[in-house]
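Visitor: just the structure for this:
(2 chains)
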Amino acid sequence: MKIKKIYYLLFGFVLFIPLGLMTSNPAWGEWSEEHYKQVLGFVPKNIEQTKGFNAPFSDYTTSFLGDIGSYYFSAFIGILILFGVFILLQKVAKIEKSKR
Amino acid sequence: MHIADGYLSPATCAVSYAVVIPLWVIAFKKLKESLDEETLPLIASLSALSFVVMMFNIPIPGGTSGHALGVAIIAILFNPWIGFLALSLVLFIQAVLFGDGGLSTLAINALGMGFAGAFSASFVYKITKKYKFSLLLSGWSSAVGASIVIAIVLGLQPYFGVDVTGKPLYFPFDLSVTIPAIVGSHMLFFGVVEAVFTQLSYKFLVKLEPNFMKGKA
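Guide: All right, here's what the predicted structure looks like:
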């Protein structure tokens, strides 16, 4: 099947994913609270008080793997879920279409 | 560009959800129409590719970093609605599992990186299709289009409220800072990366395999 080509592309990108860990620069606007203290002298109240929720693999890290291992793991989990969701949606779409 | 929880005023979050929900409903219908055994591997893989591309953090001068989005290629190969919904799903997974971007801010992140990204790409591709640089320009426009939405929303936050001492409650920098920092960096760096990614992945998938898009919705 021709479409297999895209799996090679995806696999190729995943293979080199540790390259994404080479910089410790944060994205603009995605700073720690210390950054606000340094630049402004204070942390805006709503940013300081909003703790949100604890993501299980916060910042693409895990408790059981090193940095690179965690990064591969995160990519794997993300891809798995995305495929899972689309497969599910396709099944739902198929059932709906057959009912018409 | 992933705006975190706490950065935006509740009013901004509420309005952005009111805008994005009907768009999600439309996009969901479009996706279900296009999704079948033939298109599933392609749509799922392109979404996965977007997730993976966003993990390639690229440092730029000034001590920050960023990444491409991988949305333009979905908008061009399929349609912008599917690009928008795929990115929304990617952003949701990033927020829930990896704490990358907030949930109260998911709507605005999806409107920026998803909606503006996908529709800028497909609009520019349509009007420049004849020219060789069309894919590059389309990829570049998607990142820049997304950055404009994010920069404007962040840059308006200082006007949404201050505490008793007059300090901003939400994101503290106004448009005069966010526009050059976010839009500027996407024009100079990340848009260029998205342009190259769009061009190369398109060539890889379509030009080397002309039958690749057969069966595409």
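
Visitor: who touches whichever helix in chain B runs longest?
Guide: In chain B, assigned by DSSP state H, the helix with the most residues is helix B:10-34. For helix B:10-34, contacts defined as C-beta atoms under 8 Å, 6 or more residues apart in numbering or on different chains pick out A:89, A:92-93, A:96, B:8, B:43, B:78-79, B:81-82, B:84-85, B:88, B:104-105, B:107-108, B:110-111, B:115, B:153, B:156-157, B:160, B:217. Yep, even glycine has a C-beta here, placed from its N, CA and C like the rest.

Visitor: the same query, at a cut-off of 7 Å, please.
Guide: A:89, A:93, A:96, B:78-79, B:81-82, B:84-85, B:88, B:104-105, B:107-108, B:110-111, B:115, B:153, B:160, B:217 (C-beta atoms under 7 Å, 6 or more residues apart in numbering or on different chains).

Visitor: kindly report the same for stretch A:46-61.
Guide: Residues from elsewhere that reach stretch A:46-61 (C-beta under 7 Å, 6+ apart): A:33, A:36, A:70-71, A:74, B:5-7, B:96-99, B:102, B:169-170.

Visitor: if we go to 6 Å?
Guide: A:70-71, A:74, B:5-6, B:97-99, B:169-170 (C-beta atoms under 6 Å, 6 or more residues apart in numbering or on different chains).

Visitor: so which of these wins on neighbours?
Guide: Neighbour tally across these (other C-beta atoms under 10 Å in any protein chain shown): the maximum, 25 neighbours, falls on A:Ser74.

Visitor: show the average pLDDT along the helix or strand that it is a member of.
Guide: Using DSSP states H and E, the element containing A:Ser74 is helix A:67-99. Per-residue pLDDT values over helix A:67-99 give a mean of 95.

Visitor: can you check stretch B:35-46 too?
Guide: Average pLDDT, stretch B:35-46: 91.

Visitor: what's the end-to-end length of it?
Guide: Terminal residues of stretch B:35-46 lie 13 Å apart, using C-alpha to C-alpha, to the nearest Å.

Visitor: same question for stretch A:17-31.
Guide: 22 Å.

Visitor: repeat that for stretch A:49-59.
Guide: End-to-end distance for stretch A:49-59: 19 Å, by C-alpha to C-alpha.

Visitor: one step back: continuing past the longest helix of chain B, what's the next helix or strand?
Guide: helix B:40-53.

Visitor: re earlier: mind listing what's buried along the longest helix of chain B?
Guide: Judged by neighbour count (16 or more other C-beta atoms under 10 Å in any protein chain shown), helix B:10-34 contains these buried residues: B:12-13, B:16-17, B:20, B:23-24, B:27, B:30-32, B:34.

Visitor: quick check: which element contains the nearest residue to B:Val52 once chain neighbours are set aside?
Guide: Leaving aside its chain neighbours, B:Val52 sits nearest to A:Phe13 (4.9 Å; criterion: C-beta to C-beta, 6 or more residues apart in numbering or on different chains). Counting by DSSP H and E, the element that carries A:Phe13 is helix A:4-15.

Visitor: may I see the buried residues of that helix?
Guide: Buried-residue list, helix A:4-15, by 16+ other C-beta under 10 Å: A:5-6, A:9-10, A:13-14.

Visitor: now do whatever helix or strand comes next after that helix, average pLDDT.
Guide: Toward the C-terminal end, the helix or strand that comes next after helix A:4-15 (DSSP H and E) is helix A:33-40. For helix A:33-40, the mean pLDDT works out to 93.

Visitor: quick one: contacts for B:Gly191?
Guide: B:140, B:143-144.

Visitor: buried ones in stretch A:22-38, by neighbour count?
Guide: Applying 16+ other C-beta under 10 Å to stretch A:22-38 flags A:23, A:25, A:27-31, A:36 as buried.

Visitor: which bits of chain A sit near chain B?
Guide: Counting by C-beta under 6 Å from any C-beta of the partner chain, chain A comes close to chain B at A:2-3, A:5-6, A:9-10, A:13-14, A:17, A:20, A:23, A:25, A:27-28, A:42, A:44-47, A:50, A:52, A:55-58, A:60, A:75, A:78-79, A:81-83, A:86, A:89-90, A:93.

Visitor: give the buried subset of the residues you listed as a ChimeraX selection command.
Guide: ChimeraX command restricting these to the buried ones, with burial defined by 16+ other C-beta under 10 Å:
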select /A:3,5,6,9,10,13,14,17,20,23,25,27,28,44,45,46,47,50,55,57,60,75,78,79,81,82,83,86,89,90,93
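
Visitor: need phi/psi at the residue in chain A that chain B sits nearest to.
Guide: Across chain A, the shortest distance to chain B (C-beta to the nearest C-beta) belongs to A:Thr50, at 2.8 Å. Torsion angles at A:Thr50 (phi, psi; degrees, to the nearest 10) stand at phi -80, psi 110.
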